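# fold the following.
(chains A, B and C)
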Amino acid sequence: MDIEDIQSALGGTQKGQSLHDLVRLLYPICRSITGEGVRQTLRHLQQHIPLEICEVASGTKVFDWTVPLEWTIRDAYIATTAGERVVDFQNSNLHVVSYSTPVNGRYKLADLAGHLYSLPDRPDWIPYRTSYYKENWGFCLTHRQLTELKDSEYEVCIDSTLSPGHLNYGEVFLPGEREEEVLISCHVCHPSLCNDNLSGIAVATYLAKAIGSVDRKYSYRFLFLPGTIGSITWLARNRERAHLIRHGIVLTGIGDSGDVTYKRSRQGNAYIDRAFVHVLKQRGTGHQVVDFSPYGYDERQYCSPGFNLPVGCFMRTTHGEYPEYHTSADNLEFVVPRVLQDSLNILLQAVYVLENDVVPLSLNPHCEPQLGKRGLYRAIAGQKEGAQREMALLWVLNLSDGEHSLLDIAERANVSFEVIHAAARALRECKLLEDVPIDSTTRREGDQL
Amino acid sequence: MDIEDIQSALGGTQKGQSLHDLVRLLYPICRSITGEGVRQTLRHLQQHIPLEICEVASGTKVFDWTVPLEWTIRDAYIATTAGERVVDFQNSNLHVVSYSTPVNGRYKLADLAGHLYSLPDRPDWIPYRTSYYKENWGFCLTHRQLTELKDSEYEVCIDSTLSPGHLNYGEVFLPGEREEEVLISCHVCHPSLCNDNLSGIAVATYLAKAIGSVDRKYSYRFLFLPGTIGSITWLARNRERAHLIRHGIVLTGIGDSGDVTYKRSRQGNAYIDRAFVHVLKQRGTGHQVVDFSPYGYDERQYCSPGFNLPVGCFMRTTHGEYPEYHTSADNLEFVVPRVLQDSLNILLQAVYVLENDVVPLSLNPHCEPQLGKRGLYRAIAGQKEGAQREMALLWVLNLSDGEHSLLDIAERANVSFEVIHAAARALRECKLLEDVPIDSTTRREGDQL
Amino acid sequence: MDIEDIQSALGGTQKGQSLHDLVRLLYPICRSITGEGVRQTLRHLQQHIPLEICEVASGTKVFDWTVPLEWTIRDAYIATTAGERVVDFQNSNLHVVSYSTPVNGRYKLADLAGHLYSLPDRPDWIPYRTSYYKENWGFCLTHRQLTELKDSEYEVCIDSTLSPGHLNYGEVFLPGEREEEVLISCHVCHPSLCNDNLSGIAVATYLAKAIGSVDRKYSYRFLFLPGTIGSITWLARNRERAHLIRHGIVLTGIGDSGDVTYKRSRQGNAYIDRAFVHVLKQRGTGHQVVDFSPYGYDERQYCSPGFNLPVGCFMRTTHGEYPEYHTSADNLEFVVPRVLQDSLNILLQAVYVLENDVVPLSLNPHCEPQLGKRGLYRAIAGQKEGAQREMALLWVLNLSDGEHSLLDIAERANVSFEVIHAAARALRECKLLEDVPIDSTTRREGDQL
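Numbering: from 1, shown residues only, chains lettered A, B, ... in the order given. As a prediction, this is how the structure comes out:
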């Protein structure tokens, strides 16, 4: 897999508009952790990638959890007794608390109070609330709407069903030369929220398209899951093969215009962590790297102590640290085509590292080889052109002792993996270098190639 | 041992006045490394705690040292030839150099010069000087007194005796469930100096009272010793059992209003070091942590290479870094009741960590357990109350892999040990956690529980 | 070897004038990687030190390289057709590109362009250029000279020969008690450049003189080599004995008035690295320590992965970071007598550490020994004189557990090696300390004594 291969496979996405178009198309669907919204979303992705829609029946035990009932929502509103809808699910699927039980009747305003959620500080935004694991119902509305509720009684209707059905998730498996896998995971359980779920879905879809079109060292598994219960279900059904996951990344909130955030795996310095930190450092623009904590998205499950998989999390602004998070302001304007493309590119660069890293061994380890006679060196000493390329050659030669991978060398030289990789290729062509077979080396922690 | 148990055992000391009262009571006694002053001090402590007064005869070999002669001081003065005392031991026991040999006679002022010590920069303070291991005599006086000595001759008298007797120290042993010990050591050899010796004596006494009244995992040993020769004597007599000391702390200068200083043990990151650093960090207000150096108080002996015990030193302002140190200005005003109480509280919190740390093991290590169905989680996602408590639950679950103690978890989560301990208790009650038996785990350096 | 021994052996060099005189004497010689200039230089050094001039025939294979033809240069100029020399090798040997092939004929100015090198930014300086491994010819001239070339044709002559001969280098071997060696290496292949080559040659010469006159634990090997090809040749001829080099240092550019730079060996924290970092830190004035990189001087070869010798590089301003580098401005004014002496002194201090380090073992490890009865302690406690000396005694005693060398102790105490060494000597004289025989200790990386 060469970066050129992937780039060409990307075709027309270079400006991110295709990614944003996919977000726009999926935006109106009312997703939840179960139900038709998830299936509708996954069926759409099947137009792009070879995605299998998996189903698990309600009531199935998955570790400490039970697959919940399937939620169907048809309509919901608060109306005046005169029949005027003042809060209407048809206007925004955020208006109903996700997983609300059915309601139908006339309520005194005072009795409604405990079922209404608004954001006083953001009077025009609708908050997003769920009540998955405790039976309840409720409405989310703008604070402006709330303050305008002045009647003493309202008609309240939530036309929903909670009944035995299925939990669904999507899976794309792209086999590679090796059985070992790279996992890319995103969540698909949020209704009309763009950065929080749709950005990850769109980028994962185009990443799968790109990787599917090129040769691969690793096998790749893409999971499109309802948050928490989805990854728990997948891990419960794949417990014996989870150890094949050598590198993994959870995608979430990668379309907003904030700086990139990379959250390390629980292992702390797994290879995937090193690869992302390297790519972000060499990229140069603002980013932050944060340590693992047991709060966030599905990395919580992949990194639970019984699995402890090398899975990091790739975000832009961290969830909860931007005001639009979990509100109606996380909309189509909040995610930016250029940023979606940038996030896709960063992932491709990290994949490029995973795919191309090797442990090189110098075939001329005693003193430097004479680069000049092989056309690899400047003719007149004292001139400056080609200096970075020559330094990369010297770094690769100096550290090709069978104990350093190309990523090790790139980190030590503080040069991009691409430049080091190109230098190693040039030296290999001159018979100055060969690759150490993987299984003949004892690798340290964080060195899994 | 719960922190509530200890707090209630403290009874009326909450404002530190009882601690300061004990300092006041012991202040006038003229202590030295041997002699009646130490015995008088220890006898007084027997009113509070089950203290044994140990004695070792002069001339006894203790490692490279010999227990010195006992010093008795009855009176000392410099008087005019007309009989007026111008420097008088009856006014302050600091006036005589500790361990001075007897003197009685008329001296020319010029001949006195080498025997007089004052502080030109602090003309109203009397310095504190000793000459333990070289026969000598002298007077300490204010610089104002010194400059007023204008006569050509003075009557000089030191009515002292140096004769075979005993070295004394006090020992309190509080047996616990385990043979392994926690050592608390303070020095009792300074005359009327409040921060330097009396603050440690008072806090150690009340700490022993508190610990004596509650259940204990560890056994506790409190030593009230003459500095240097006392700890050397104790170590010489207890050489074979010193290895039972699992955690130790030297108390010195913990009554002044400066910031807390914790000096690490020679091991550098022993469990006692980690416990104190954690308690001080979570406490939040100013403190400093300094590395071990072979200068200071009795940690010098406990941390000599042949013992290398995990013993740190707990101070406020470091000795020698405040001008009042070793002068008459280290008096009853210099030590503050509230600070004495604060020092006692810090010690209790550190003891609380030692007593309650365990290595928890998750009984549900694959994915997170469902906290909600056990009443451990917020009902409506997206609300903020209880967030720290929930994070503590998640941290404990995530790190309960049998390789992390509660202190490890508290450090990693940057949450107080108390909160982590409470979370672990809640999870244990839900059968989500059990404690790993101590001896089945291989502990790393600094992990001794 | 005591530092006093070395100092006295230095004799009259204390102000660095002798060092500068040697630079001045060697300045006019036209050195290159082969040829009479190198031999002439080495013959001169034989007046100072027992230097052997080694020769290796052109065409000899040395690892991946081949010893090149010998270059002889007799004259070179660019002259007007009227015979006036406008660029003249007789004025500066920098005017001809080193290793230029012979030329003799009339050239159009336009055809000369690719053979002329100047520095537009420094119009009065002549650059220094070489073309060792690609046949070529050229002239270096001031930019002012270049812009004054206005004729359409010039007479061009380089009266040189490239023919089978020898590569030469100088070697001084000073046997010590041990077979293990300390390597000091400098390059001798630059023409009239003072900081770049002559400063190292002069300092190495006087260092060899000094070390030759005193008792030595280690054997010392001084190499005066043509850069790159010289060290490769030496390593090829001494491949089997290179492992005897326990500590090594490359000298380059140590006469300019900039701050000291120490470049670590590839090992990163070899004993030589620790010794230099310690000496520079205790010295106090400005210096920088940089990590190894595979660019620079002959450390590139010594630190190639097949050898990986513990060889650092000692410089003042790093090559390429001062404008005078590789120009005619690197002249006799650019190197300063006082700086040459300072560089020599730093080397002597590092050698002093190598020669005198031991692993001490306390013979009184339980508690502190009583220093007072041995005259090692202040009589009256509370006075300040001698504090550093006493602290050094306490540090040595506390860390003499057989696991710390004197350098370890000096680093931990942040006290100069000299003070720690003196403290250890005093304790050894009191029978409180003995040295652990070298081969009975397991040494960590970087601890080779």
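# measure residue A:389 to chain B for me?
Separation of residue A:389 from chain B (CB to the nearest CB, to the nearest Å): 43 Å. The way it works is simple: take the backbone N, C-alpha and C, and place the C-beta from them, glycine included.
# contacting residues around the helix or strand that contains that residue?
Here residue A:389, judged by DSSP states H and E, is contained in helix A:387-399. Helix A:387-399 is touched from outside by A:360, A:362, A:364, A:368-369, A:371, A:376-378, A:406, A:408-409, A:412-413, A:415, A:419-420, A:422-424, A:426-427, A:432-433, C:266, C:293-295, C:300, C:303-305, with contacts defined as CB atoms under 8 Å, 6 or more residues apart in numbering or on different chains.
# recalculate using a threshold of 6 Å.
By CB atoms under 6 Å, 6 or more residues apart in numbering or on different chains, the residues outside helix A:387-399 that reach it are A:362, A:409, A:413, A:415, A:419, A:420, A:423, A:424, A:427, C:294, C:295.
# let me know how buried the last one is, in neighbour terms.
It refers to residue C:295. Neighbours of residue C:295 under the rule other CB atoms under 10 Å in any protein chain shown: 15.
# how about low-confidence regions in the stretch 1-150 of chain A?
A:3, A:6-7, A:9-13 (pLDDT under 70).
# can you rerun that using 80?
A:1-14 (pLDDT under 80).
# for it, which segments count as strands?
Ranges of strands in the stretch 1-150 of chain A, per DSSP state E, counting those that start in this stretch, are A:52-57, A:61-62, A:65-66, A:70-80, A:85-88, A:103-108, A:116-117, A:139-140.
# closest one to chain B among these?
strand A:65-66 (5.1 Å; CB to the nearest CB).
# now do the contacts for residue A:401.
Residue A:401 touches residue C:305, counting by CB under 6 Å, 6+ apart.
# beta partners of it?
residue A:361 (DSSP bridges).
# near chain B, which residues of the stretch 201-350 of chain A?
A:232, A:235, A:294, A:295, A:301, A:304, A:305, A:306, A:326 (CB under 6 Å from any CB of the partner chain).
# name only those of those that count as buried.
A:232, A:235, A:294, A:301, A:304, A:305, A:326 (16 or more other CB atoms under 10 Å in any protein chain shown).
# any chance of CSV for those, columns secondary structure?
Output for these, formatted as CSV (DSSP: H, G, I helix; E, B strand; the rest coil):
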residue, secondary structure
A:232, helix
A:235, helix
A:294, coil
A:301, helix
A:304, coil
A:305, coil
A:326, coil
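# pick out the most distant pair among those residues.
Longest distance between any two of these is 28.4 Å, between A:305 and A:326; criterion CB to CB.
# and the closest residue to residue A:304 other than its chain neighbours, how far from residue A:190?
Nearest non-adjacent residue to residue A:304, counting by CB to CB, 6 or more residues apart in numbering or on different chains: residue B:367, 5.0 Å away. Look at residue B:367 and residue A:190: by CB to CB, to the nearest Å, they are 20 Å apart.
# now do the strands in the stretch 251-400 of chain A.
A:260-263, A:287-290, A:311-315, A:359-362.
# what's the most buried one of those strands?
Among the strands of the stretch 251-400 of chain A, the stretch with the highest mean neighbour count (mean count of other CB atoms under 10 Å in any protein chain shown) is strand A:311-315, at a mean of 27.
# what packs against that one?
Other elements packing on strand A:311-315 under the criterion 3 or more CB pairs under 6 Å, 6 or more residues apart in numbering or on different chains; DSSP states H and E are strand A:245-251, strand A:260-263, helix A:299-302.
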